[in-house]
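S.K.: Dropping the sequence and predicted coords here.
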Amino acid sequence: MQAESGKLYLIPTTLGDNEPMQVLPVTVQSTVMQLQYFFVENEKSARRFIKAIAPQKAQNELILFILNKYADIKESSNFLDNCAKGISVGLLSEAGTPAIADPGAHVVMMAHERNIKVVPLVGPSSIVLAMMSSGLNGQNFAFNGYLPIESNTRKAAIKDFEKTSKLKNQAQIFIETPYRNNQLLDDLKKTLNETTYLCVASELTLDSEYIKTLQIKDWKRLETDLHKKPAIFILQGF
């Protein structure tokens, strides 16, 4: 009888240095315990996470494939060959939910193309958590990734997204490299209409979590330091 095919498990991690079982369900822990093969973005942080959630698991038995911008697609596909041998493989996010604003989507697509069962596990997504807690339109929203770096181009993009938000009654979600958060917040304050709403959600699930939704006229009265703090920005015009 042919052996059952292995699966690709999409394994969420924490959004910071908090203890994994504070934010992850026990199914994530039990799955990590069962697996030996993992796609990871960073070996050091992946090993640290595995040790934290499954301390009794032998580190020297782990087989890791580094999934970053230098990874060869053919080699990634070869690593998935293990599923044909009945061996399940995990895809570990560097922070939060795999393949959402995070590398790994092409591995998931390869699994579908090869008829490998994909199993997503529940875990924290900063995008979803920010949207949940914003008070803005959770029925209609768009994730836009990073805005342009150049200031004038970025301001033009902000105005375009504000216009789209008002036209479609659609919340617009952005992220930024943490060391550029303050510059983005300044541009949002200077560019958006006074009555447009902005939610800033940073360091989600951590003790230092910060979530606030205000109109731009009110944001201008606040001094908010987001430097090097992972953050989500959501705007909505009415």
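M.R.: Sure, I can see it.
S.K.: neighbouring contacts of the strand or helix carrying residue 211?
M.R.: Under the criterion of DSSP states H and E, residue 211 resides in strand 210-215. Residues outside strand 210-215 that contact it (CB atoms under 8 Å, 6 or more residues apart in numbering): 130, 133-136, 194-204, 222, 229, 234. To be clear about C-beta, it is placed using only N, CA and C from the backbone, and glycine gets the same treatment.
S.K.: Check which element follows that strand along the chain.
M.R.: Next helix or strand after strand 210-215 toward the C-terminus (DSSP H and E): helix 216-219.
S.K.: Partner strands of the following helix or strand past that next one, with direction?
M.R.: On the C-terminal side of helix 216-219, the closest following helix or strand by DSSP H and E is strand 231-236. Counting by DSSP bridges, the strands paired with strand 231-236 are strand 171-175 (antiparallel), strand 197-202 (antiparallel).
S.K.: of those, which approaches residue 8 most closely?
M.R.: strand 171-175 (25.3 Å; CB to CB).
S.K.: Now do the closest one, average pLDDT.
M.R.: Strand 171-175 shows a mean pLDDT of 97.
S.K.: what does stretch 129-144 give?
M.R.: For stretch 129-144, the mean confidence score works out to 98.
S.K.: Whichever of the contacts of strand 210-215 end up buried, select them in ChimeraX.
M.R.: One line in ChimeraX is enough to select the buried members of the contacts of strand 210-215, burial here meaning 16 or more other CB atoms under 10 Å:
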select :130,133,134,136,196,197,198,199,200,201,202,203,204,229,234
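S.K.: Would you state the strands of this protein in chain order?
M.R.: With DSSP state E as the criterion, the chain has strands at 8-11, 37-40, 63-66, 89-92, 118-120, 141-146, 171-175, 197-202, 210-215, 231-236.
S.K.: what packs against the fourth one?
M.R.: So that's strand 89-92. Counting contacts by 3 or more CB pairs under 8 Å, 6 or more residues apart in numbering; DSSP states H and E, strand 89-92 is packed against strand 8-11, strand 37-40, helix 43-53, helix 73-84.
S.K.: so what secondary structure elements neighbour the first one?
M.R.: Counting contacts by 3+ CB pairs under 8 Å, 6+ apart, strand 8-11 is packed against helix 26-34, strand 89-92, helix 105-113, strand 118-120.
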